[in-house]
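Chemist: pasting a predicted model and its sequence here:
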Amino acid sequence: MTNSNNVNLTVIQEYVEFLVHKQNVKNIFVNGTTGEGMSLSVEERKTLAEEWVKHSRGKMHNVIVHVGCLSLEDSKNLAAHAASCGADAISAMSPSFLKPSSQDALVLYLKEVAAAAPSLPFYYYHIPSLTGVQYPLNSLVGKMQLHIPSLRGVKFSNANLMDFSLCVHGYPELEFFYGVDEQLLGGLVFGAHGAVGSTYNYLGFTTNKMLEAFKQGKLKDAQKIQCKIQEFMGFVFALGWGLPDFKNIMSLVSGIDLGPPRLPLMATWKPEHPENVKAELKRLDLI
Ligand SMILES: CC(=O)N[C@H](C=O)[C@@H](O)[C@H](O)[C@H](O)CO
Ligand SMILES: CC(=O)C(=O)O
């Protein structure tokens, strides 16, 4: 965002460079939670999708565009647009104000969204803490699979590792990306195929080291790294911080001014916080 609260397209190119070269992050999930997708207009979301696709070309592997909205028509419109602008995949969460009447109703809804971009892989975005839609994923996935031919997997942002494990092992042909960054290692143990989360914007490099350690069977090393990340998140949570303040951390670490969040979110940083955050990141050897 700019300081006058418009989407700031001018920093995207620099941000792609930062993610690829400094964080070793080569896939991006656009217009999701961290990007405040639900607080943007449909037009703004389309422009962002286009810009991320343009600037990521040849640099990133995948641009996944989140197209979930409260309105089915808006979601279909965004899905078709994502396909036309060259995105690699789409994702949608459940509507969260008038919530689905049943699992079947949710599947019918998602089926229409996915069908608006039938050539693109579709990932369901499971984030019950924000949508309030709590269906156990392992039963929902079975239903989605019957009705959504382009279903390729799920971004699973929930701490319930039993549900996660039942999905990974129940549907081996699908991909499950874990979305609770502070316990990603738990997700990996249960077979996560990847991770999507807010902290990879500034802890991507460190998290990639954990992924590598896990891959090599060095569990103790992986635990050490995860624990450092947890210590940092514990510091952040103790301050009562959430998304608006995470954005400040992203700006601080990247050196790119990502701006304030859009209302109704507001950051709570005080003048001493940038130095405190930097000191904590340094103490934990995270920057
Ligand atoms: C609720 C929420 O925002 N979840 C994010 C991903 O989906 C995570 O990346 C968290 O921001 C992160 O794990 C910190 O709690
Ligand atoms: C955090 C995350 O994965 C998102 O921004 O949707």
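Modeler: Ah, there it is. Ligands and ions are numbered 1, 2, ... in the order given.
Chemist: helix or strand for the residue in the stretch 151-287 of the chain that ligand 1 sits nearest to, which one?
Modeler: Nearest residue of the stretch 151-287 of the chain to ligand 1: Gly197, at 2.9 Å (CB to the nearest ligand atom). Glycine gets a C-beta too; all of them are placed from N, C-alpha and C. Under the criterion of DSSP states H and E, Gly197 resides outside all helices and strands.
Chemist: same check, this time on Leu106
Modeler: Assigned by DSSP H and E, Leu106 falls in helix 103-115.
Chemist: helices or strands up against that helix?
Modeler: Contact here means 3 or more CB pairs under 8 Å, 6 or more residues apart in numbering; DSSP states H and E; on that basis helix 103-115 packs against helix 72-85, strand 89-93, strand 122-126, helix 137-147.
Chemist: quick one: buried residues of the last one?
Modeler: This points to helix 137-147. 137-138, 140-141, 143-144 (16 or more other CB atoms under 10 Å).
Chemist: before we move on, what about the first one?
Modeler: For helix 72-85, the neighbour count (16+ other CB under 10 Å) marks 72, 74-83, 85 as buried.
Chemist: ok, and what's touching it?
Modeler: Contacts with helix 72-85, where a contact means CB atoms under 8 Å, 6 or more residues apart in numbering, come from 42, 45-46, 49-50, 53, 65, 67-69, 90, 92, 95, 109, 112-114, 116-117, 119-120.
Chemist: would you turn the buried residues of helix 137-147 into CSV with pLDDT?
Modeler: Output for these, formatted as CSV (pLDDT from 0 to 100):
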residue, pLDDT
Leu137, 96
Asn138, 94
Leu140, 97
Val141, 98
Lys143, 97
Met144, 98
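Chemist: ligand 1: which of the residues you listed is nearest?
Modeler: Leu137 (13.9 Å).
Chemist: ok, the closest one - contacts?
Modeler: Contacts of Leu137 by CB under 8 Å, 6+ apart are 126, 154, 156, 158, 163-164, 166-167.
Chemist: so it versus Gly242, what's the distance?
Modeler: According to CB to CB, to the nearest Å, Leu137 and Gly242 sit 23 Å apart.
Chemist: kindly report the same for Asn276.
Modeler: 17 Å.
Chemist: try Leu120
Modeler: 31 Å.
Chemist: hang on, the residue of the stretch 151-287 of the chain closest to ligand 1 packs against Asp181?
Modeler: Yes: between Gly197 and Asp181 a contact is recorded at 4.0 Å, counting by CB atoms under 8 Å.
Chemist: and the angle from the helix holding Leu106 to strand 89-93?
Modeler: 150 degrees (axes from the mean of the first three to the mean of the last three CA atoms, to 10 degrees).
Chemist: in helix 103-115, what's buried?
Modeler: Quick answer for helix 103-115 (16+ other CB under 10 Å): 103, 106-107, 109-111, 113-115.
Chemist: give me the mean pLDDT for that helix.
Modeler: The average pLDDT within helix 103-115 is 98.
Chemist: stretch 223-236 too?
Modeler: Rounded mean pLDDT across stretch 223-236 is 98.
Chemist: before we move on, what about stretch 67-78?
Modeler: On average, stretch 67-78 scores 98.
Chemist: near ligand 1, which residues of the stretch 1-150 of the chain are found?
Modeler: 33, 127, 129-130 (CB under 6 Å from any ligand atom).
Chemist: returning to what we had before: how about the residue of the stretch 151-287 of the chain closest to ligand 1, phi and psi?
Modeler: phi -170, psi 170 (degrees, to the nearest 10).
Chemist: how close does it sit to Pro264?
Modeler: Distance from Gly197 to Pro264, by CB to CB: 22 Å.
Chemist: more neighbours: which of the two?
Modeler: Set Gly197 next to Pro264 and count neighbours by other CB atoms under 10 Å: Gly197 wins out with 22 against 7.
Chemist: dump the helices and strands packed on helix 103-115 to a markdown table, plus distance to Phe205.
Modeler: What follows is those, written out as a markdown table (distance: least, CB to CB, whole Å):
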| stretch | distance to Phe205 |
| --- | --- |
| helix 72-85 | 28 |
| strand 89-93 | 24 |
| strand 122-126 | 24 |
| helix 137-147 | 30 |
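Chemist: so which of those is nearest Phe237?
Modeler: strand 122-126 (21.6 Å; CB to CB).
Chemist: which parts of the helix or strand that comes right after that closest one are buried?
Modeler: Helices and strands here follow DSSP H and E; after strand 122-126, the next one along the chain is helix 128-131. Buried residues in helix 128-131, counted by 16+ other CB under 10 Å: 128, 131.
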